[in-house]
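In: could you work out the structure for the sequence below:
(2 chains)
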Amino acid sequence: GAGVSQTPSNKVTEKGKYVELRCDPISGHTALYWYRQSLGQGPEFLIYFQGTGAADDSGLPNDRFFAVRPEGSVSTLKIQRTERGDSAVYLCASSPAGGTEAFFGQGTRLTVV
Amino acid sequence: AQSVTQLDSQVPVFEEAPVELRCNYSSSVSVYLFWYVQYPNQGLQLLLKYLSGSTLVESINGFEAEFNKSQTSFHLRKPSVHISDTAEYFCAVSAGSGAQKLVFGQGTRLTINP
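Out: All right, here's what the predicted structure looks like:
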């Protein structure tokens, strides 16, 4: 595709429910990143994939958060037992091998009620 | 670990006036520095970056930033702003050679008044 695509653009869920957020990176980009942006804050790093494997997952806040990228392209961020504090915009970005620029999607706005 | 401080959360300026958005960072290792911009209802876009070489870097739309190692700063400047520059600007650092694990500042909202 032309850019990084994230679906859904908005998601409202009830506290305690499970959600999945999807990211389609730019075709051919080997690196994929997830960030979380809370209101009034800058994006915070969650996890970074190089190919299919998570190269760095040090930003995942706890074991309710998990991300996969089984075929090295599309990635899914999974959040179990959602809490109101999980409400934020979840951003996905990708870059080519050796690239110095991350290309961001428009994000998924998650609201936990 | 790295951290980034953007000293102004909001900067209002008049059209055609100069502007400076301030960014300071801290790191125990060499870093790579970035400014990203988020226009209303759009995703983050890279504005400019410093990796090595000349400490003054420029964007295609007239912004420039200067890497100052002694002051650990990477302030963003433009001599004359336009209404279309209204956006949120984020300073970011990376300890890696690429875009992985960016650490962002809190952002500066630039508002241009006619």
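In: so A:Tyr33 versus A:Val113, what's the distance?
Out: Distance from A:Tyr33 to A:Val113, counting by C-beta to C-beta, to the nearest Å: 28 Å. To be clear about C-beta, it is placed using only N, CA and C from the backbone, and glycine gets the same treatment.
In: who has more neighbours, these two?
Out: Set A:Tyr33 next to A:Val113 and count neighbours by other C-beta atoms under 10 Å in any protein chain shown: A:Tyr33 wins out with 29 against 10.
In: now do B:Tyr36 against A:Phe104, distance only.
Out: Distance, B:Tyr36 to A:Phe104, by C-beta to C-beta: 8 Å.
In: give me the more crowded residue out of those two.
Out: Legend: neighbour count by other C-beta under 10 Å for B:Tyr36 and A:Phe104, higher for B:Tyr36 (27 against 23).
In: ok, the more buried one - contacts?
Out: A:104, B:44-47, B:89-90, B:92, B:104 (C-beta atoms under 8 Å, 6 or more residues apart in numbering or on different chains).
In: quick one: what helix or strand has it in it?
Out: If you go by DSSP states H and E, B:Tyr36 is part of strand B:32-38.
In: what about A:Asn10, distance to A:Thr108?
Out: Note on A:Asn10: its distance to A:Thr108, by C-beta to C-beta, is 7 Å.
In: circling back: show me how far the strand holding B:Tyr36 is from its chain's centre.
Out: Put simply, strand B:32-38 sits 5 Å off its chain's centre (C-alpha atoms, centre = their mean, to the nearest Å).
In: in whatever helix or strand comes next after it, what's buried?
Out: Once the chain leaves strand B:32-38, the next helix or strand it forms, by DSSP H and E, is strand B:45-50. The neighbour-count criterion (16 or more other C-beta atoms under 10 Å in any protein chain shown) identifies B:46-50 as the buried residues of strand B:45-50.
In: quick one: contacts for the residue nearest the centre of chain A?
Out: By C-alpha atoms, centre = their mean, chain A has its centre lying nearest to A:Trp34, at 3.5 Å. Counting by C-beta under 8 Å, 6+ apart, A:Trp34 makes contact with A:23, A:45-48, A:67, A:75, A:77, A:90-92.
In: for the residue in chain B that chain A sits nearest to, which non-adjacent residue is closest in space?
Out: Of all residues in chain B, B:Phe104 sits closest to chain A, at 3.3 Å by C-beta to the nearest C-beta. Of all residues not flanking B:Phe104 in the chain, A:Gly42 sits nearest, at 3.3 Å (C-beta to C-beta, 6 or more residues apart in numbering or on different chains).
In: likewise for A:Gly28?
Out: With C-beta to C-beta, 6+ apart, the residue lying closest to A:Gly28 is A:Pro96, at 6.5 Å.
In: how many residues are close by the one you found?
Out: Neighbour count of A:Pro96, defined by other C-beta under 10 Å: 16.
In: before we move on, what about the one 10 residues further on?
Out: The local packing of A:Gln106 (other C-beta under 10 Å) involves 18 other residues.
In: helices of chain B, start to end?
Out: Read by DSSP state H, chain B holds no helices at all.
In: joint contacts of B:Tyr36 and A:Phe104?
Out: Counting by C-beta under 8 Å, 6+ apart, the contacts common to B:Tyr36 and A:Phe104 are B:44-45.
In: one step back: for the contacts of A:Trp34, which one is nearest B:Phe67?
Out: The closest of those to B:Phe67 turns out to be A:Phe45 (C-beta to C-beta; 21.8 Å).
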